[in-house]
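# Sharing a sequence plus its predicted fold:
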Amino acid sequence: MTKNTGAILAAAAVLLAAAAAYLFVSDNGAELPAGFVQGNGRIEAEQVEIAPARAGRVAKVLAAEGSLVAAGGILVEMDTDELSAAHDRAKAEAALARQTKAEAEALVVQRQSEQRRAEHELERATALLAGHNISETVFEERETAHQVAEAVLGAAQARVATADARIAAAEAEVRRTAALIEDSTLTAPVPGRVLYRLAEPGEVVGAGGPILTLLSLENIYMEVFLPAREAGLLPIGAEARIVLDALPDYAIPATVTFVSPEAQFTPKQVETLSEREQLVFRVRVRIPQDLVAERIEHVKTGLRGIAVIRLDPDSPWPEALERRIPAELFE
């Protein structure tokens, strides 16, 4: 045997070993060792609609399709000219209400002085009437004046209470318009990637009308469909591995987070006719958030692949499914 022949045979042995390992993640689930199941699917993420709480005109759209955005990042600014005017008017009405209250309180002080004088005069008239030093007509006049002074004082105090209510209403309007102005700046509720840009500056959108569609990168998962005999044995929290068609030599750790409680017909995206004719259960396997955060710039939805799930926690993972994506691959 020559050196060249030996090298060829060694290379062939390596290729055969790699092919045997790859059978664990092939389209034929029967090639998996006992205690494992698999299904094909694609990488998906939750979609979040970025929409205003009220109808209005779009002033700025600060994110392009495909761009990566951080949680809290400003995505859209709505036109706030009308809201700003309403906010200024509410602040002016609150200031006017406070001024009205100050005037009402000053009037109360004046009416209290008049009421005390009328009360004092009534006390004197009562004493004089007892000594027959004034007529009953004069006493009645003092009594009436006292009653009028008390009524006027009560009206002045009521004006203060009314002014308080107007201040509360005006300040509530100030807070309401301020909240609407704040809500006119639309931010990303989660880190994600812009999937669709549905409106442009100058367009008028209705309340709840989406302007951007964001793919949340907090929940990256793959959904597969398993027959009842396999799904029935599957616990929530079971370990899984995702192998993408784009990176067939590496496995991504994942966890089973959802098993549908109802069976359904296999969706059309499952390629083989025999699989589409079966009733299956939808299973979701999720990639850990910390792993997503490490590669967030490279996360893309729609990538196809398979998910291999371990039913028996005592079964060792095949070596082909223990190879992690190296960090230098994305450098």
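Good, I have the coordinates.
# Pro52 and Glu82, how far apart?
Distance of Pro52 to Glu82, given as C-beta to C-beta, to the nearest Å: 13 Å. Bear in mind the C-beta positions are built from the backbone N, C-alpha and C, glycine included.
# who has more neighbours, these two?
With neighbours defined as other C-beta atoms under 10 Å, Pro52 and Glu82 compare such that Pro52 has more, 23 against 12.
# give me every residue that touches the more buried one.
Neighbouring residues of Pro52 by C-beta atoms under 8 Å, 6 or more residues apart in numbering: Val76, Met78, Asp183, Ser184, Leu186, Val205, Ala207, Gly208, Gly209, Ile211.
# Just put these in a markdown table and tack on secondary structure.
Below are those laid out as a markdown table (DSSP: H, G, I helix; E, B strand; the rest coil):
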| residue | secondary structure |
| --- | --- |
| Val76 | strand |
| Met78 | strand |
| Asp183 | helix |
| Ser184 | coil |
| Leu186 | strand |
| Val205 | strand |
| Ala207 | coil |
| Gly208 | coil |
| Gly209 | coil |
| Ile211 | coil |
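# Most neighbours of all those residues, which one?
Counting by other C-beta under 10 Å, top hit in the contacts of Pro52: Val76 with 24 neighbours.
# doesn't Leu62 make contact with that residue?
Yes. Contact criterion C-beta atoms under 8 Å: Val76 and Leu62 qualify, at 6.8 Å.
# At the geometric centre of the chain, which residue sits there?
By C-alpha atoms, centre = their mean, the chain has its centre lying nearest to Pro189, at 4.8 Å.
# For the stretch 151-300 of the chain, which segments count as helices?
Secondary structure of the stretch 151-300 of the chain (DSSP state H, counting those that start in this stretch): helices located at 228-231, 273-276, 289-294.
# Ok, which of the ones you listed comes nearest Val108?
helix 289-294 (62.3 Å; C-beta to C-beta).
# Pull the residues that contact the closest one.
By C-beta under 8 Å, 6+ apart, helix 289-294 touches Leu217, Glu218, Ile220, Ile252, Pro253, Val299.
# Any chance of CSV for those residues, columns distance to Leu153, neighbour count and pLDDT?
Listed next are these as CSV, based on distance: C-beta to C-beta, whole Å; neighbours: other C-beta atoms under 10 Å; pLDDT from 0 to 100:
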residue, distance to Leu153, neighbour count, pLDDT
Leu217, 67, 23, 83
Glu218, 64, 15, 81
Ile220, 71, 25, 90
Ile252, 80, 24, 90
Pro253, 79, 16, 92
Val299, 73, 21, 78
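# Closest one of those residues to Lys91?
Glu218 (38.9 Å).
# can you pull the contacts of the residue nearest to that closest one when sequence neighbours are not counted?
Among residues not flanking Glu218 along the chain, Val190 sits closest, at 4.9 Å (C-beta to C-beta, 6 or more residues apart in numbering). Shown in contact with Val190 (C-beta under 8 Å, 6+ apart): Val48, Ala71, Leu214, Ser216, Leu217, Glu218.
# Filter those residues down to the ones in strands?
Using DSSP state E, Val48, Leu214, Ser216, Leu217, Glu218 are the members of the contacts of Val190 that sit in strands.
# Just to check, the third one is in contact with Gln47?
Yes. Counting by C-beta under 8 Å, a contact exists between Ser216 and Gln47, whose distance comes to 7.3 Å.
# higher neighbour count, the two?
More crowded of Ser216 and Gln47, by other C-beta under 10 Å: Ser216, with 17 against 14.
# Next up, the contacts around the residue nearest to the residue nearest to the centre of the chain when sequence neighbours are not counted.
Of all residues not flanking Pro189 in the chain, Val48 sits nearest, at 6.2 Å (C-beta to C-beta, 6+ apart). By C-beta under 8 Å, 6+ apart, Val48 lies in contact with Pro189, Val190, Gly192, Thr213, Leu214, Leu215, Ser216.
# how about a cut-off of 10 Å?
Ala188, Pro189, Val190, Gly192, Leu195, Pro210, Leu212, Thr213, Leu214, Leu215, Ser216, Glu218 (C-beta atoms under 10 Å, 6 or more residues apart in numbering).
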